[in-house]
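# mind looking at a prediction? Sequence and model below.
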Amino acid sequence: MDDPHENPGVSKEIVELPAPTAWPLVLALGLTFTLAGLVTNPGMSILGGVLVLAGCVGWFREVLPHQHHLAVPVKVQKLEFTTIRTKIARIQVDESHRARLPVHTPSVTAGVKGGIAGGAAMIVPALLYGLIRYHSIWYAVNLLGGAGVAGWSNPTAAELTHFRLSALIFATIIHVAGSLLVGLLYGAMLPMLPRHPILLGGIIAPLLWTGVLHATLGLINPFLDERIDWWWFVASQVTFGLVAGWVVAQQTHIYTEQFLPFAARMGLETPGLMEEHDREDGPK
Amino acid sequence: MADSTLPIGGAIDLTPQSEVYGTWLEQVHDWVVTADHKKIGLMYMAYALIFLLVGGVEAILLRIQLAVPHNNFLSPEVFNRIFTMHGTTMVFLMGMPLIIGFGNYLVPLMIGARDMAFPRLNAFSFWMTSLGGLFLYYSFIGGVGLQGAGSAPDVTWWAYAPLTERAFSRGHSTDYWALALIISGFGTIGAAVNIIATTLCMRCKGMTLFRMPLLVWLNLVVAGMILITISPLTAAQIMLVIDRYLGGHFFDSQAGGSPVVWNHFFWIFGHPEVYVLVLPAFAIANEIIPVFSRKAIFGYPAMVAASVGIGLISLSVWAHHMFTVGMNSASNAFFVLSTGMVGVPTGIKIFNWLATMWGGKIRFATPMLFCNAFLIQFLFAGLTGIMLSVAPWNWQLHNSYFVVAHFHYVLVGAIVFCFPGGFYYWYPKMTGRMLDERLGKWHFWLFVVGFHMTFDFMHVPGLLGMPRSIYTYEPGRGWDGWNMIVSIGGAVQAVATLIFVYNLVHSYFKGAEAGPDPWDAWTLEWTTTSPPPAYNFASEPVVSSRRPLWDLKHPEDPDSRYE
Amino acid sequence: MSTSTIPLAHGAADHDWVLPDRGTVAMLSLIVAETAIFGIFVVAYVYYIGKSISGPLPRQVLELPIFNTVCLLSSSLTIWMAERALKKGAMGSFSLWWALTVILGGIFLGGTAREWKKLIYHDGLTISTNLFGTTFYSLVGLHASHVIVGLTMLSIVLIFALTGKLKSEHSRQVEVLSLYWHFVDAVWVAVFTVVYIIGR
């Protein structure tokens, strides 16, 4: 419907809107009255039934054979933008600053690899402990897996040094699942940390969770608590942390805000902040 | 769409704004017969706010009664009615209309549509919901309780059988409850059908599913959840009505029926309902946090996946409300694990919001303040939720004030923070005027203080063994002081809410002119005037990225280049 | 006059912007909701099988409604034939198939009525007799009420078809309505299995 006498680019159009109607309200009132009759007076239900019928018929005639419409004329002017915003001196970081949408995600495989490597390495000190202290590699296995074996309560130290298939199966499940989950967590977190990933993931984190375990295990499982030699425990955890952390750190690297200069991270928008970049842009 | 042609085209609406208003009566008539999604959305919101005040008054009455031991402020019968009505009101008459109202108002605007898919069904749904609420409140006069006087339902909002059977609940008060929820339930299902049809079938050109604003996505998920959660409630209510009117035996233990079946049916509705209420709160945070951090939302696909995941997982967790009913240990273990699993997608969301804010240029305007408080509170609420999801812990604390504190922390801490945030954010769009920022800050800080006084300290009497739903208690059990603090906190929240209401009214007349885009935002609703004309958009918009308005404002660097 | 701006055509987005039909989407959503309602009633029925304290029991009084079931299920076929005829614009054959659908639905409803009459007056089973009565009448009754609603709408369409007001441009609405009818038929399969096969 372009009108040649108007300004160029202005067009008049007709927008079709649904016409206002009271029939939905009538139908809703009817249904409510029908049910309200159950708790008040049967007369209400009869009135409700009449309203429901009226509402249905009215609504039907509203939409069929053709929906009732309200024609609203509108005037529209087409525009082409170059920009509608005052330009400000934006922070110039590098060419791909805006492109650095948070699209990098930590790699799952790195976490899995870290978990597998850490879990494998952790077996060494754990078995070593059993060998040195109790002359049996099964001691640590039974200690870990024993919790899952039904009806095996309060075993003696001698019992713990003997092979037991069910304990081995449970210990393997717990160890594999635990190693993989912590490995995934490492895969998700370590690449995001600004520096010293191996110190954080390899030493501090194992120390922290060992501390939490040490503090609470006495309450949760006192029997297990008294069987654990905490120094060996720490040693095996740190082994896990160091190996898993190292593997993950080798695998991925995610570029985060942390790698920007401090002033940029504080949100300062000043020309000259990134000198080398300004120089490229030429004189201001 | 990295190769879209530039520069970006736009259009200006030159239609004169029609300011023709008839008499007062004609204006009312306009609203009553309207099929405009914006007017219906506003009516939903106004209705919800009125019932927020009503439910709030009921909460204050309850807290006055419980502030000191051996109090006689309310009689035991009135206390039962008031807390039944408080729960029912807040969930069905405040929460549901509020989320549907926001969805109604915003979804068509955000996807560039002129109206909902079924405008008349929309009006019908609103009238059903509202008439259901009015019908429920009519029970105060017409309920005909034990003494033949009018009375409201008093069977708690979860209405456990067999308390609701004819033999134990005489008169019509329980019938009012069941029938009112059936009526408003039909309205809710109608609204959900409409929102699904609108999002799937009314999107403007270029608005693919993965370019929809997250608010629209979440409303779609919520509408889907409503279909499969409100319907079981309606079915269970129909069974209850059959029991009460036709002498059926669904929940009648004398004839072999099982009250536990009611528990299951109710919570199959009841737990997903929590997510139905809280996901729209997330939706609002999804829109506000990026705009006030000046960054695109972090991890859009993960947010969508997490929302859908929450929707699916939440359907399989209901029986964690029933650990003390005496299920077998396999069921207990299943529901412990599934409940724990809901924490995963929820955690993804919280991390994504934090990552959105990280490195952003944060503006602490009132909407953002509310969303930030929501983040912290929702985290705490989630933590107590994980505590309660562990069956042995739950056996200790079930039906104690710890549980009451937990779910109020979820519902108030999330919904009653996000939705006011949403009001501060979209009020300029709805009315054309800004809400007063100074009053907004007062509202926010008073509400934060009141909220934490009430609900932080409410955990303590729960841990000390105070059961929920009790009418009064004896002194010297260590509960006295805590209850007083909780009640004072409730009063502070009431003052904050009154400031909010005053702000809504005051700013409508005296607020600063907002203009079409006061927050420098990026979604389609800000491209049209405030308030939008009846036809929303003079010419239908075409989008090529998730932030169409960013593209328009930055033709030199549009999002469509990167998506 | 407003100064707000609306993003407009890019050219690139102009090609084929096809969205699903809103009537179909709405009907499918409604079917999901209805399925949930029926699901709850079916679960209640299954849970209460054999829990009745007093008689009569399903084995004593229920007879397999084979003829009814055949009628209802074949009406799905006839409504599909009617739809096809409408798309081709063959109004005479549409009316014929559509009328056949209404008749088949009517036979089903009549059969249910006869069954209930026998149960109530001959066997003395009402909704308040025992748990079986409660669950049976509410589940079968819920389905029957859906059949009634469906038949009413089908009959209205039939009247319009016979008076010549229905044109092939209405085939979309008719399709949505037949979707509902298919759903009612499918629910009967579930109800039949639960009530007459598992529960008997």
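Structure received.

# looking at chain A, which helix is longest?
Assignment by DSSP state H gives helix A:108-134 as the longest helix of chain A.

# from the chain's centre, how far out does that helix sit?
Relative to its chain's centre, helix A:108-134 lies at 28 Å (Cα atoms, centre = their mean, to the nearest Å).

# quick one: average pLDDT of it?
Averaging pLDDT along helix A:108-134 gives 88.

# and chain B, is that helix touching that?
No - taking Cβ under 8 Å from any Cβ of the partner chain as the criterion, helix A:108-134 and chain B are apart, separated by no less than 13.4 Å. Heads up, the C-betas are built off the backbone N, CA and C, glycines and all.

# who's in contact with the helix or strand following that helix?
In the C-terminal direction, the helix or strand that comes right after helix A:108-134 (DSSP states H and E) is helix A:138-145. Helix A:138-145 is contacted from outside by A:126-127, A:129-130, A:133, A:155, A:157, A:159-164, A:166-172, A:174-175, A:224, A:227-228, using Cβ atoms under 8 Å, 6 or more residues apart in numbering or on different chains.

# can you list the buried residues in the lengthiest helix in chain C?
Counting residues, the longest helix found in chain C (DSSP H) is helix C:131-162. If you call a residue buried by 16 or more other Cβ atoms under 10 Å in any protein chain shown, then helix C:131-162 has these buried ones: C:131-140, C:142-144, C:146-147, C:150-151, C:154, C:157-158, C:160-161.

# next one: that helix to chain centre, how far?
With Cα atoms, centre = their mean, you get 7 Å for helix C:131-162.

# got any ranges where the stretch 401-550 of chain B has weak pLDDT?
Under the criterion pLDDT under 70, no range of the stretch 401-550 of chain B is flagged.

# ranges for the helices of it?
B:401-410, B:416-431, B:437-463, B:480-510, B:548-553 (DSSP state H, counting those that start in this stretch).

# now the ones you listed in a markdown table, with distance to C:Glu34 and mean neighbour count?
Shown next, in a markdown table, are the helices of the stretch 401-550 of chain B (distance: least, Cβ to Cβ, whole Å; neighbours: other Cβ atoms under 10 Å in any protein chain shown):
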| stretch | distance to C:Glu34 | mean neighbour count |
| --- | --- | --- |
| helix B:401-410 | 30 | 22 |
| helix B:416-431 | 31 | 25 |
| helix B:437-463 | 39 | 20 |
| helix B:480-510 | 39 | 17 |
| helix B:548-553 | 37 | 24 |
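
# how about the ones you listed, which one is nearest chain A?
Taking Cβ to the nearest Cβ, helix B:548-553 is the member of the helices of the stretch 401-550 of chain B nearest to chain A, at 4.9 Å.

# do the closest one and chain C meet at all?
Yes - against chain C, helix B:548-553 shows contacts by Cβ under 8 Å from any Cβ at B:548-549, B:551-552.

# the helices of the stretch 401-550 of chain B: which one's closest to C:Trp116?
helix B:401-410 (44.3 Å; Cβ to Cβ).

# contacts for the closest one?
B:274, B:278, B:377-378, B:380-382, B:384-385, B:388, B:397, B:454-456, B:458-459, B:461-463, B:466-468.

# repeat for stretch A:242-249
A:110-111, A:113-115, A:117-122, A:179, A:182-183, A:186-187, A:190-191, A:197-198, A:200-203.

# just the buried members of the residues you listed?
Neighbour-count burial (16+ other Cβ under 10 Å) applied to these gives A:110-111, A:113-115, A:117-119, A:121-122, A:179, A:182-183, A:186-187, A:190-191, A:197-198, A:200-203.

# taking the stretch 251-400 of chain B, what residue is nearest to chain A?
B:Gly359 (4.1 Å).

# just give me the neighbour total for that residue.
Neighbour count of B:Gly359, defined by other Cβ atoms under 10 Å in any protein chain shown: 19.

# now the end-to-end length of stretch B:111-125.
21 Å (Cα to Cα, to the nearest Å).

# now it: buried residues?
In stretch B:111-125, counting by 16+ other Cβ under 10 Å, buried: B:111-125.

# how about stretch C:93-112?
C:94-102, C:104-109, C:111-112.

# with stretch C:123-131 instead?
Across stretch C:123-131, burial judged by 16+ other Cβ under 10 Å covers C:125-131.

# what's the single longest helix in chain B?
If you go by DSSP H, chain B has its longest helix at helix B:259-293.

# does anything pack onto it? Which helices or strands?
Applying 3 or more Cβ pairs under 8 Å, 6 or more residues apart in numbering or on different chains; DSSP states H and E, we find helix B:259-293 packed against helix B:96-110, helix B:214-246, helix B:300-313, helix B:329-357, helix B:366-389, helix B:401-410, helix B:416-431, helix C:22-47.

# out of those helices, which gets nearest to B:Gly56?
Comparing those by Cβ to Cβ, helix B:416-431 comes nearest, at 9.6 Å.

# how about the closest one and chain C, any contact?
No - contact of helix B:416-431 with chain C (Cβ under 8 Å from any Cβ) is absent, the minimum separation being 10.8 Å.

# can you check what angle separates that helix from helix B:214-246?
110 degrees (axes from the mean of the first three to the mean of the last three Cα atoms, to 10 degrees).

# which neighbouring elements make contact with helix B:416-431?
helix B:37-67, helix B:96-110, helix B:259-293, helix B:366-389, helix B:437-463, helix B:480-510.

# on contacts alone, who are the packing partners of whichever helix or strand comes after the fourth one?
The first helix or strand that comes after helix B:366-389 along the chain, using DSSP H and E, is helix B:391-397. Taking 3+ Cβ pairs under 8 Å, 6+ apart as the contact definition, the neighbouring helices and strands of helix B:391-397 are helix B:329-357, helix B:366-389.

# what about the last one, distance to the chain center?
The reference is to helix B:366-389. That offset, for helix B:366-389, works out to 15 Å (Cα atoms, centre = their mean).
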